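Enquirer: sequence-free structure coming up:
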């Protein structure tokens with residue numbers, strides 16, 4: 001008679017047994033944030049997603065999106081994340097620093113959970129690595145809302161390029177193409193590069209651009225992952241180096 005001996009499970013490494021969780025409210029058109037966060041997140045950090053129609057063809061004034069943002073936040077709250085991020089650079093920056101604060105209030109009031117926004121974490125990341133004057137690259141139709149937000153937050157965009165793409169085509173720009181654009185637009189007057197958008201391959205170009213230019217690079221998904229890990233690191237396993245995410249990840253203290 002065969003006897004099956006139960007195998008004791010190590011709950012610290014079992015799937016679904018993450019020590020801490022982050023909830024991301026992402027645009028309904030976004031297809032890159034989920035795989036990128038899952039790939040780059042350190043061990044023990046659970047990534048949980050809710051979608052909302054807040055970008056691309058659905059981008060509209062904040063009062064018209066408030067109910068949808070609150071509902072997405074409430075759905076995320078059911079899995080008890082430690083923090084919820086409104087994760088859309090263009091939409092959060094379009095609201096300006098004050099409107100960004102209103103988004104955070106919507107999330108916090110709907111859930112009672114700490115709320116963050118991509119825009120604010122990007123600004124934090126730029127300051128940490130010393131980027132005050134930058135090159136800005138995006139897939140957007142227009143960079144004006146991003147430039148206005150950055151200017152209001154004390155930064156200077158020296159040169160920018162908006163590729164004028166529709167959301168479904170953002171991911172067609174390869175990491176090599178982002179790196180080439182950064183190289184072509186950079187100059188001795190810039191402190192570094194900001195690659196703005198959560199729905200692109202930009203995160204894969206960070207290390208290459210930093211090697212080529214010798215300057216720091218910030219990307220939306222990278223900045224949010226950094227901001228979340230920085231806040232929750234005391235409950236995570238000892239963090240391994242993440243050189244593929246650039247100099248920013250050296251600033252977790």
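Expert: Sure, I can see it. Because the structure is a prediction, the values reported are computed rather than measured.
Enquirer: what's the spatially closest residue to residue 191 that is not a sequence neighbour in contact with, if anything?
Expert: Nearest residue to residue 191, sequence neighbours excluded (CB to CB, 6 or more residues apart in numbering): residue 131, at 4.4 Å. Where C-beta positions appear, they are placed from N, C-alpha and C, glycine not excepted. Contacts for residue 131 (CB atoms under 8 Å, 6 or more residues apart in numbering) come out as 155, 191-194, 216, 218.
Enquirer: SS state for residue 131?
Expert: Of the three states, residue 131 takes coil under DSSP: H, G, I helix; E, B strand; the rest coil.
Enquirer: center of the protein, which residue is that?
Expert: Nearest residue to the geometric centre of the chain (CA atoms, centre = their mean): residue 221, 2.8 Å.
Enquirer: where does the stretch 51-200 of the chain have low pLDDT?
Expert: For the stretch 51-200 of the chain, no stretch is flagged by pLDDT under 70.
Enquirer: What segments of it are helices?
Expert: 62-77, 89-94, 96-111, 118-129, 144-152, 175-185 (DSSP state H, counting those that start in this stretch).
Enquirer: Which neighbouring elements make contact with the first one?
Expert: Contacting helix 62-77 under the criterion 3 or more CB pairs under 8 Å, 6 or more residues apart in numbering; DSSP states H and E are the following elements: strand 20-27, strand 45-52, strand 83-86, helix 96-111.
Enquirer: And the protein, what are its domain boundaries?
Expert: Using automatic domain parsing, the domain parsing of the chain gives 20-120+223-250, 130-215.
Enquirer: returning to that earlier point: list just the nearest of the contacts of residue 131 to residue 90.
Expert: Nearest to residue 90 among the contacts of residue 131 is residue 194, at 12.6 Å by CB to CB.
Enquirer: Can you spell out which residues form a bridge with that closest one?
Expert: In this entry, residue 194 is beta-bridged to residue 136, residue 218, by DSSP bridges.
Enquirer: what's the burial count for it?
Expert: Residue 194 is flanked by 28 other residues according to other CB atoms under 10 Å.
Enquirer: Looks like it contacts residue 132 (just checking).
Expert: No - at 11.3 Å, residue 194 and residue 132 do not qualify as touching, with contact defined as CB atoms under 8 Å.
Enquirer: Mind listing the shared neighbours of the two?
Expert: What both residue 194 and residue 132 touch, as defined by CB under 8 Å, 6+ apart, is the set residue 126.
Enquirer: From residue 221, how far off is residue 49?
Expert: Distance, residue 49 to residue 221, by CB to CB, to the nearest Å: 13 Å.
Enquirer: Mutual contacts of these two, please.
Expert: By the contact definition CB under 8 Å, 6+ apart, residue 49 and residue 221 are jointly contacted by residue 33.
Enquirer: what's the closest of the helices of the stretch 51-200 of the chain to residue 251?
Expert: Set against residue 251 and scored by CB to CB, the helices of the stretch 51-200 of the chain come closest in helix 118-129, at 4.7 Å.
Enquirer: which parts of the closest one are buried?
Expert: Buried residues in helix 118-129, counted by 16 or more other CB atoms under 10 Å: 118-126, 128-129.
Enquirer: and the angle for that helix with strand 20-27?
Expert: With axes from the mean of the first three to the mean of the last three CA atoms, to 10 degrees applied, the angle from helix 118-129 to strand 20-27 works out at 120 degrees.
Enquirer: how far out from the middle of the chain is helix 118-129?
Expert: 10 Å (CA atoms, centre = their mean, to the nearest Å).
Enquirer: which parts of stretch 212-222 are buried?
Expert: Buried positions in stretch 212-222, judged by neighbour count with 16+ other CB under 10 Å: 213, 215-222.
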